Structure formats: C-alpha cells, structure tokens
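*Asks:* coords below, sequence missing:
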C-alpha cells in the first residue's frame, strides 16, 4: 500500500517538473523583476499565458 502511494506522488511530481521545464524553456529561467512581489506577478503571468496557449491549442 505504501509503495503504491509513493508511486502516485512520484507521478504527480513528475508531471509538475515537466510543466516547470516547459515553461522555463518557453519563457526563460530568469526573472527581470527585483522585488519579490513583482517576481510573483511575473511568474503568475507566465503561467497564465502558458495555460491560455494550451487552451487555444485544444
């Protein structure tokens, strides 16, 4: 039972790591903003843009 749970979690982590990798390749891995709050906004903007482009492709 424990092994099955760990495999599910690993599968989810694998999907998340893949999504982060795709976003970094598309939009770069550096942030231009210096302030923490602005960095968060920049990351959220990239994720929203990525999601919008995925919806457009479907």
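*Replies:* That came through fine. Since the model is a prediction, treat every value here as computed from it, not as a measurement.
*Asks:* next one: residue 35 from residue 41, what distance?
*Replies:* 9 Å (Cβ to Cβ, to the nearest Å). Using the backbone N, CA and C atoms, a C-beta is placed for each residue, glycine as well.
*Asks:* those two - which one has more neighbours?
*Replies:* Comparing residue 35 with residue 41 by other Cβ atoms under 10 Å, the one with more neighbours is residue 41, at 12 against 8.
*Asks:* check which helix or strand covers that one.
*Replies:* Assessed by DSSP states H and E, residue 41 sits inside helix 36-57.
*Asks:* quick one: distance of that helix to the chain centre.
*Replies:* The chain centre lies 9 Å from the centre of helix 36-57; the measure is Cα atoms, centre = their mean, to the nearest Å.
*Asks:* and for it, what's in contact with it?
*Replies:* Residues from elsewhere that reach helix 36-57 (Cβ atoms under 8 Å, 6 or more residues apart in numbering): 22, 23, 26, 27, 31, 32, 33.
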